[in-house]
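Sharing a sequence plus its predicted fold:
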Amino acid sequence: MVAILVGNIPVYQSDLGVDVENLRFKIRDDKLEISGYAAAEGVVCSGAASLFKHRYLQAEYPDRSVIRYPAGTILDIPTVAQDAINDGAVCVHLEGEEWTFIPPSFMPGNPEPNYVEYPVDAGVAQVETGVTNYTSDLLGGIRVKYKVELFPNQILAAVKQCLTDPEIGTFPCTAGSQIKPRHLTIRARRIGNRQIARKTLPAEAGGDDILLCAAQLLATGYCVSYKGESARNLQVLLNITAG
């Protein structure tokens, strides 16, 4: 039976721009070397592990085993994918970093959540669609699609503040269709204890862009969450072959 070890990332660079020391992860002992990290030593607690889920690459092997390799920085993603393919993986997928709750203390100004109750919309929801500028972790600068409901007006304004050069309209094909872009989600309340959830697409990873956007969103609701960029089949998307 293959043993499971705990590996250690000395410094993990979060999409939010927060450097996390001693981030632990679990991996099969025969794959630890492929991960590029050493086994954890001592009983030091895992830095910030309860706050978020780190980004990783999920590698699928011919024997149907699945290994999750962490990527300590966004720039490590192509290298980790290449190492997994060189090790015999047939498919490699990127799963983005995830925060179910971004602490307001991380945001500029440490804003207070807003527990306002918005009125219930009457009739069919009205939706705006278009494209916006976006810097992909994998593809660089591209245009991606966005979609947002027009009401409540306050949330719509906050969502659109986070977009970069948005253009309203229908665009059947964009480079963004090859990935799942990073996004923030604001949650707010409606009268009658109903919930609202709206997504927006910050253009840049790395901290300021995301956290400023999060602060703007929190002025209209009570909780902001985050999901990093994800994509399937990096071996095709990035043209990676064994070698």
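Alright, I've got the coordinates. Computed from a prediction, not measured in an experiment: that's the story for all the values here. Residues are numbered from 1 along each chain as shown.

Am I right that residue 213 sits in a strand?
No: per DSSP: H, G, I helix; E, B strand; the rest coil, residue 213 lies outside any strand segment and is helix.

wait, doesn't it sit right on residue 201?
No: Residue 213 is not in contact with residue 201 according to C-beta atoms under 8 Å; the separation is 9.1 Å. Glycine gets a C-beta too; all of them are placed from N, C-alpha and C.

higher neighbour count, these two?
Neighbour tally, residue 213 and residue 201, criterion other C-beta atoms under 10 Å: the higher count belongs to residue 213, 26 against 22.

ok, that one - contacts?
Residue 213 is in contact with 161-162, 184, 200, 202, counting by C-beta atoms under 8 Å, 6 or more residues apart in numbering.

now the helices for the protein?
For the chain, the helices defined by DSSP state H occupy 32-35, 77-86, 153-161, 208-218, 234-237.

These: which one's closest to residue 128?
Minimum separation from residue 128 across the helices of the chain (C-beta to C-beta) falls at helix 153-161, 7.7 Å.

And the closest one, how far out from the chain middle?
In terms of C-alpha atoms, centre = their mean, to the nearest Å, the gap separating the centre of helix 153-161 from the centre of its chain is 21 Å.

again with stretch 26-44
On C-alpha atoms, centre = their mean, the centre of stretch 26-44 falls 24 Å from that of its chain.

Now it: average pLDDT?
Across stretch 26-44, the average pLDDT comes to 88.

which regions of this structure sit below the pLDDT cut-off?
Within the chain, the stretches with pLDDT under 70 are 1, 43-49, 122-123.

which residues does residue 4 bridge with?
With beta bridges defined as DSSP bridges, residue 4 has these partners: residue 28.

Just give me the neighbour total for it.
10.

now do residue 14
Neighbour tally, residue 14, other C-beta under 10 Å: 25.

thinking again about what came up before, tabulate the helices of the chain (CSV), appending distance to residue 9.
Converted to CSV, these look like this (distance: least, C-beta to C-beta, whole Å):
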stretch, distance to residue 9
helix 32-35, 9
helix 77-86, 12
helix 153-161, 33
helix 208-218, 20
helix 234-237, 20
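
Return the most buried member of those helices.
helix 208-218 (a mean of 22; mean count of other C-beta atoms under 10 Å).
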